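Chemist: just to be clear, the model below is a prediction. Sequence and coordinates:
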4 protein chains.
Amino acid sequence: MDTGRLEAFSDGVIAIIITIMVLELKVPHGEDINSLAPLLPVFLSYVLSFIYIGIYWNNHHHMLQICEKVTGPILWANLHLMFWLSLLPFSTAWMGENHFGTIPSTIYGFDLLMAAIAYWTLQQTIIASQGSDSILRKAIGKDWKGKASIFVYLGAIFAAFCLQWAAQLLFVLVAAAWLIPDRRIESVLVSKDH
Amino acid sequence: MDTGRLEAFSDGVIAIIITIMVLELKVPHGEDINSLAPLLPVFLSYVLSFIYIGIYWNNHHHMLQICEKVTGPILWANLHLMFWLSLLPFSTAWMGENHFGTIPSTIYGFDLLMAAIAYWTLQQTIIASQGSDSILRKAIGKDWKGKASIFVYLGAIFAAFCLQWAAQLLFVLVAAAWLIPDRRIESVLVSKDH
Amino acid sequence: MDTGRLEAFSDGVIAIIITIMVLELKVPHGEDINSLAPLLPVFLSYVLSFIYIGIYWNNHHHMLQICEKVTGPILWANLHLMFWLSLLPFSTAWMGENHFGTIPSTIYGFDLLMAAIAYWTLQQTIIASQGSDSILRKAIGKDWKGKASIFVYLGAIFAAFCLQWAAQLLFVLVAAAWLIPDRRIESVLVSKDH
Amino acid sequence: MDTGRLEAFSDGVIAIIITIMVLELKVPHGEDINSLAPLLPVFLSYVLSFIYIGIYWNNHHHMLQICEKVTGPILWANLHLMFWLSLLPFSTAWMGENHFGTIPSTIYGFDLLMAAIAYWTLQQTIIASQGSDSILRKAIGKDWKGKASIFVYLGAIFAAFCLQWAAQLLFVLVAAAWLIPDRRIESVLVSKDH
């Protein structure tokens, strides 16, 4: 089974998630600039989640390029990742509407944490399916960025209880670290072509 | 007519169904952990339906891999399946918001029952189009899992009237039975390649 | 420019339209069977529109199979069709929630009428782009079904003012006439292969 | 990395944006013709945005046809464009519900302005990736239409403060100017084939 339809389905789900989040930006009733003010935190959390979903789409795209066959466990590991991403519109809106309060920020961080674990699981499932000379394993190397992110999310969850702004800062930092495209996989693809 | 556009359209519809279900998880107004509590049954029914739709996508994907030409009746049998799946966001939300009460659970079971019948009809339509040496017929064999599911859904509908938790248990059991990927089709595909 | 991306975009739009219509089936607050009763007309109008959009997808799919190059006018004629189809979730819900009343049924019929005209325009635009020996022109022949539908929609709009049930009957009749797949295009495709 | 999945993802996002805008056309409670009247400005703003998104899809489609490889910066420039387009359902609905008032029209113009800048950035990113003999650079020439649009949006934002109807007129004028398909890219594609 090739990766075509798995990519198409994941693209569809990710495109919908990134787009329906905007439905939580409820159209205000007033028409002056003040009626936009309460939307600012919702808008900021929308921007943050838009970037996160963009990063996931980007990395997912790269990872599947060096995955040749799709097995049953890969299909389910992929759906598991989609599940946690599908909750982002909810956790984003709840965090935004409550001005980045403790519990909503914790839940948001938990959702990101579970998505990161699901991504890592999908990666391991693909590596396992590729056997001992897995190109994906070579490409990701020690995967310190993936592992570090999981610990930073845990840190953000704890920070939300004492220093609310620190939790947000950590979310922004992880996103910034991932914005840089994953050159490991690109270099493997280039070397494979030669 | 090849299966490409039928798969693309079905993928689109299924991706949207699995994603818009999350819109029924309404963002709570409070920001403490208690405001999440009423969402728990809605969340649980979301998880159940997410798994069901994942199973349908997975099996649909497998089945269409051994379908080579698409006829008019196959297009309509496929739309019929999409119709019952498209009602899942509604029946899921109604069951979740009413804490798995009798009537909502019955309707949910009825929706799953109709989707199972529609899937079976689609399967029979493809078999009929493939003629007497249908590979799909060989692949599914006696299709006991498909037939048994229909009876278990019927059982769950009746259980909802006397033992509510039993209905939910039956829904979970059917999902668990299908989570194991359908090796019958994979083995047919493998043997075809040799 | 080939038809691939036009088909993909149209499939996406049609898949979303057919699926978001279900969001207008609002989850009732009660949990007894009576709370479903007010939803019956909304459900019936959903079924009708689901079938109509299925027919459009089906015919669009067939028509684009015998269209080889996409020109600027074809792109816009296609978007024009998507526009009127995109209003169906609105006109369907309004008609359903008002129990098939005069004005909502008129607007629903007007939407179907405009979609039929837009489909006909798209067909003519493709024929024009194919030049004097257009295969699409040969395939559709006199296109009596397309032309008759336009008149039946006009009839239904007038019927809505005096005999409400007659308008619905006409909507159902047109849908029934189109459910039969368009063998004209299939036969042209088959003869082209020989 | 080829453009296939980037196109598929962008098509998905654009198809969803163009379709969920219709969810802001709230179904009225009454069933007479007067209950439609308050929807007229929302409908008109929907038509305007539908045309704008159609134009973006069309031009995006053309531009990516002469882009052969996708780099990290192109992926992010594309997501940046998707971000501003994803806000159109919000800004469209706010402008429509407030009868094209000053602040909502300003925000709508700002959203169009940012989308135009994002489109221009994406174009420059593709040109940069193609090196000194970029075909896209030859195709767009001086790109006066792209640059002029940015200034007209700025003009519309200022007009919204003194002459509200002039702002709307400018929005309509830019759309009209872009409705004509971009023959520059088509002519480059044709000459490449020879």
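Modeler: Perfect, thanks for sending it. Numbering: from 1, shown residues only, chains lettered A, B, ... in the order given.
Chemist: only C-alpha atoms for contact and neighbour calcs from this point on.
Modeler: OK.
Chemist: need the next SSE after the helix ranked longest in chain A, C-terminal direction.
Modeler: The helix spanning the most residues in chain A, taking DSSP state H as the definition, is helix A:102-130. Counting by DSSP states H and E, the next helix or strand C-terminal to helix A:102-130 is helix A:135-140.
Chemist: compute the inter-axis angle for the helix or strand following that next one and helix A:102-130.
Modeler: Sequence-wise, the next helix or strand downstream of helix A:135-140 (DSSP H and E) is helix A:144-162. Orientation check (axes from the mean of the first three to the mean of the last three CA atoms, to 10 degrees): helix A:144-162 against helix A:102-130 gives 160 degrees.
Chemist: check what pLDDT the residue in chain A that chain B sits nearest to gets.
Modeler: Using CA to the nearest CA, the single residue of chain A nearest to chain B is residue A:13, 5.1 Å away. Looking at residue A:13, its pLDDT is 94.
Chemist: tally of neighbours for it?
Modeler: Counted by other CA atoms under 10 Å in any protein chain shown, the residues lying close to residue A:13 total 28.
Chemist: what number of residues lie near the closest residue to it other than its chain neighbours?
Modeler: Leaving aside its sequence neighbours, residue A:13 sits nearest to residue B:15 (CA to CA, 6 or more residues apart in numbering or on different chains; 5.1 Å). By the measure other CA under 10 Å, the count of residues near residue B:15 is 27.
Chemist: correct me, but residue B:15 touches residue A:7?
Modeler: No: counting by CA atoms under 8 Å, residue B:15 does not reach residue A:7; the two are 11.7 Å apart.
Chemist: contacting residues around the residue of chain A found nearest chain C?
Modeler: Relative to chain C, the nearest point of chain A is residue A:12 (8.8 Å; CA to the nearest CA). Contacts for residue A:12 were tallied using CA atoms under 8 Å, 6 or more residues apart in numbering or on different chains; they are B:11-12, B:15-16, D:9, D:12.
Chemist: export those as TSV, with columns for distance to residue B:112 and secondary structure.
Modeler: As requested, the contacts of residue A:12 are arranged in TSV below (distance: CA to CA, whole Å; DSSP: H, G, I helix; E, B strand; the rest coil):
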residue	distance to residue B:112	secondary structure
B:11	19	helix
B:12	20	helix
B:15	18	helix
B:16	18	helix
D:9	31	helix
D:12	28	helix
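Chemist: looking at these, which one is closest to residue B:81?
Modeler: Taking CA to CA as the measure, residue B:81 lies nearest residue B:11 of those, at 12.5 Å.
Chemist: which ones are touching whichever residue of chain A sits closest to chain D?
Modeler: Nearest residue of chain A to chain D: residue A:15, at 5.1 Å (CA to the nearest CA). The contact partners of residue A:15, taken as CA under 8 Å, 6+ apart, are D:9-10, D:12-13, D:16.
Chemist: one more: residue A:128?
Modeler: For residue A:128, the contact set (CA under 8 Å, 6+ apart) comprises residue A:134.
Chemist: quick one, phi psi at residue A:70?
Modeler: In terms of degrees, to the nearest 10, the main-chain angles of residue A:70 are phi -110, psi 130.
Chemist: in which helix or strand would I find residue A:77?
Modeler: Using DSSP H and E, residue A:77 falls in helix A:72-86.
Chemist: just the endpoints, please. Distance across stretch A:78-92?
Modeler: With CA to CA, to the nearest Å as the measure, stretch A:78-92 spans 22 Å from end to end.
Chemist: same thing with stretch A:159-169?
Modeler: Stretch A:159-169 has an end-to-end distance of 10 Å (CA to CA).
Chemist: my read is that the residue of chain A closest to chain B contacts residue B:13, right?
Modeler: No: using CA under 8 Å, residue A:13 is not in contact with residue B:13, being 10.1 Å away.
Chemist: shared neighbours of the two, anything?
Modeler: The contact sets of residue A:13 and residue B:13 do not overlap (CA under 8 Å, 6+ apart).
Chemist: flag the shaky bits of chain A, pLDDT-wise.
Modeler: Applying pLDDT under 70 to chain A flags residues A:1, A:180-194.
Chemist: what parts of it come near chain B?
Modeler: By CA under 8 Å from any CA of the partner chain, the residues of chain A that approach chain B are A:5, A:8-10, A:12-13, A:16-17, A:72, A:75, A:79, A:83, A:86-87, A:90, A:93-94, A:98, A:101, A:103-104.
Chemist: near chain D, which residues of chain A?
Modeler: Neighbours of chain D within chain A, by CA under 8 Å from any CA: A:8, A:11-12, A:15-16, A:18-19, A:22-23, A:25-28, A:30-33, A:50, A:54, A:58, A:61, A:181.
Chemist: tell me the buried residues within these.
Modeler: The neighbour count (16 or more other CA atoms under 10 Å in any protein chain shown) marks A:8, A:11-12, A:15-16, A:18-19, A:22-23, A:25, A:27-28, A:31, A:50, A:54, A:58, A:61, A:181 as buried among the residues of chain A next to chain D.
Chemist: narrow the residues you listed to those in helices?
Modeler: Among these, the members falling in helices are A:8, A:11-12, A:15-16, A:18-19, A:50, A:54, A:58, A:61 (criterion: DSSP H).
Chemist: pull the most distant pair out of those.
Modeler: Pairwise distances across these (CA to CA) peak at 19.6 Å, for the pair A:8 and A:50.
Chemist: what's the local residue count around the spatially closest residue to residue A:78 that is not a sequence neighbour?
Modeler: Excluding the flanking residues, the one nearest residue A:78 by CA to CA, 6+ apart is residue A:122, at 6.1 Å. Residue A:122 has 23 neighbouring residues, counting by other CA under 10 Å.
Chemist: wait, residue A:122 touches residue A:70, no?
Modeler: No: applying CA under 8 Å, one finds residue A:122 not in contact with residue A:70, separated by 11.3 Å.
Chemist: mutual contacts of those two, please.
Modeler: Counting by CA under 8 Å, 6+ apart, residue A:122 and residue A:70 have no contacts in common.
Chemist: got the contact list for the residue nearest to residue A:78?
Modeler: Contact analysis of residue A:122 by CA under 8 Å, 6+ apart lists A:74, A:77-78, A:81.
Chemist: can we see that at 7 Å?
Modeler: A:74, A:77-78 (CA atoms under 7 Å, 6 or more residues apart in numbering or on different chains).
Chemist: residue A:4 too?
Modeler: Residue A:4 sits next to no residue when contact means CA under 7 Å, 6+ apart.
Chemist: how much space between it and residue A:61?
Modeler: As for residue A:4, its distance to residue A:61 is 11 Å (criterion: CA to CA).
Chemist: how about residue A:105?
Modeler: Residue A:105 is 28 Å from residue A:61, by CA to CA.
Chemist: doesn't residue A:116 make contact with residue A:84?
Modeler: No: using CA atoms under 7 Å, residue A:84 is not in contact with residue A:116; the gap is 9.0 Å.
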